[in-house]
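# Need coordinates for the following:
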Amino acid sequence: MEAVRETLTQVLRILDDPSLKNPAKQAQRRHMLEEIAAGRFDYAEMSKRVLGSYWKPLTETQRKEFVEVYKGFLSDRYAGKIEDYSGRKQDVGYLTERIEGSYAEVRTELRSDKTTLPMDYRLLVKDGRWSAYDIIIDGVSLVSNYRSQFQKIIRESSFEELVNKLRERSVSSDTKKKS
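Numbers count the residues shown, from 1 in each chain. Modelled structure (predicted):
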């Protein structure tokens, strides 16, 4: 729970920082949020779980490429949602933690003046450090949700097509931001 608390405290500090609220600071704020996420999320483990049985036959190069593309995809998808909470009165309720061996689940609630959003973090300890490999937002697992979508694309087309689609989504998001 302490690892989740530390991470969320850093995120909320950035979102609440008056010097970072100016729209001109959006790129800097986004970069800071991405750095925090990179320090706490195990993107390789997330990638392995999201691809399921399709992970094993990949080469090391394909695995590394997928991890980077998936990380960029998640950043594009969720940084904006996190930034939407900026400016709202919010706090985090830390409900429970359950630890079983090298795995843990921490249940939290993100509370704002308008809503309460349950967010559960699944973590794995590696080298003495807890890292998240899945988030369950309002009952929906990030890994499970994308696993079904990604596996469908691979089955109907190919792994390369999935990578291209993820890359295009990131590129088209970048293009939209610039225009």
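# Can you tell me how far the residue nearest the centre of the chain is from Asp91?
With distances taken as CA atoms, centre = their mean, Leu74 lies nearest the centre of the chain, 5.4 Å away. Distance, Leu74 to Asp91, using CB to CB, to the nearest Å: 24 Å. Using the backbone N, CA and C atoms, a C-beta is placed for each residue, glycine as well.
# in this protein, which spans are strands?
In the chain, the strands defined using DSSP state E lie at 90-100, 103-112, 116-126, 129-137, 140-141.
# Let me know which of these is tucked in deepest.
The highest average neighbour count among these, using mean count of other CB atoms under 10 Å, belongs to strand 129-137 at a mean of 19.
# hang on, the earlier thing: okay, the strands of the chain in JSON lines with distance to Leu20 and mean pLDDT next?
JSON lines is the format used below for those (distance: least, CB to CB, whole Å; pLDDT from 0 to 100):
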{"stretch": "strand 90-100", "distance to Leu20": "16", "mean pLDDT": "91"}
{"stretch": "strand 103-112", "distance to Leu20": "19", "mean pLDDT": "92"}
{"stretch": "strand 116-126", "distance to Leu20": "22", "mean pLDDT": "92"}
{"stretch": "strand 129-137", "distance to Leu20": "23", "mean pLDDT": "93"}
{"stretch": "strand 140-141", "distance to Leu20": "29", "mean pLDDT": "92"}
